[in-house]
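Q: Here's a sequence, model it:
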Amino acid sequence: MKFVFQGTVIAVAEISGIENVRSSGVERPRQAAVRTAQEAGNPLHDSVIGSVDYSFRNPVTYERAAGDRVLCACGCGTEISSRRAFVAGHDQKAIHERIKAEWGNTPGFVDWFDDTYGPLPVAESGDSDKRMSVAAGTGVQEAGAAREAPAGA
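A: Numbers count the residues shown, from 1 in each chain. Alright, predicted model coming up:
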């Protein structure tokens, strides 16, 4: 994990695990990375500290150690070397395999989703700025305004 400030890597940490953290007013525990700061002399620290990095909007990114073998997240076994999790197109393949296994087909998933969370609001024709997303357990969100999930969902 590296920390970037104004385009320059200023700190590096190694993640050694994940722990549950309870917050007041939150029912479910959240998860946090257990990390150790890497100091001068550590190969990862020495290879990135002070380097320029404008490639991400998020100032915290996760680096793979040199030589790590990373496989496509779809489960196909293909080794990947980029910062991606999937070989091109395999994300959709993985999603649709899981939809088919659980709901039979995409319309089956849509029916389940609508029964569980309520149908998504329909964006007006040509209005590409209305983006809809779902936050697990919080219902449907449209353009930043949350809508509660139906009772019993």
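
Q: Buried residues, the longest helix that the chain contains. List them.
A: Ordering each helix of the chain by length in residues (DSSP state H) puts helix 90-103 first. For helix 90-103, burial by neighbour count (16 or more other C-beta atoms under 10 Å) applies to 90, 94, 99. Bear in mind the C-beta positions are built from the backbone N, C-alpha and C, glycine included.

Q: Check stretch 76-95 too.
A: Buried-residue list, stretch 76-95, by 16+ other C-beta under 10 Å: 80, 86-87, 90, 94.

Q: Just the closest of those residues to Arg22, please.
A: Ala94 (32.2 Å; C-beta to C-beta).

Q: Looking at stretch 6-25 now, give me its mean pLDDT.
A: Mean pLDDT, computed over stretch 6-25, is 81.

Q: Could the C-alpha coordinates of that stretch be exported in CSV?
A: In CSV, the C-alpha atoms belonging to stretch 6-25 read as follows (Å, rounded to 0.1, in the frame of the first residue of the first chain):
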residue,chain,number,x,y,z
GLN,A,6,0.6,15.9,-4.6
GLY,A,7,1.8,13.2,-7.0
THR,A,8,4.7,12.0,-4.9
VAL,A,9,4.9,8.7,-3.0
ILE,A,10,5.5,9.7,0.6
ALA,A,11,4.9,6.4,2.6
VAL,A,12,4.7,2.7,2.0
ALA,A,13,3.0,0.0,4.2
GLU,A,14,2.7,-3.7,4.0
ILE,A,15,-0.8,-5.2,4.7
SER,A,16,-0.5,-8.3,7.0
GLY,A,17,-4.2,-9.0,7.5
ILE,A,18,-7.8,-7.7,7.9
GLU,A,19,-9.5,-7.1,11.2
ASN,A,20,-13.1,-6.2,12.2
VAL,A,21,-13.5,-2.8,13.8
ARG,A,22,-16.7,-1.7,15.6
SER,A,23,-17.9,1.9,15.3
SER,A,24,-20.5,3.5,17.5
GLY,A,25,-23.8,3.8,15.7
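
Q: That concludes my questions; thank you for your assistance.
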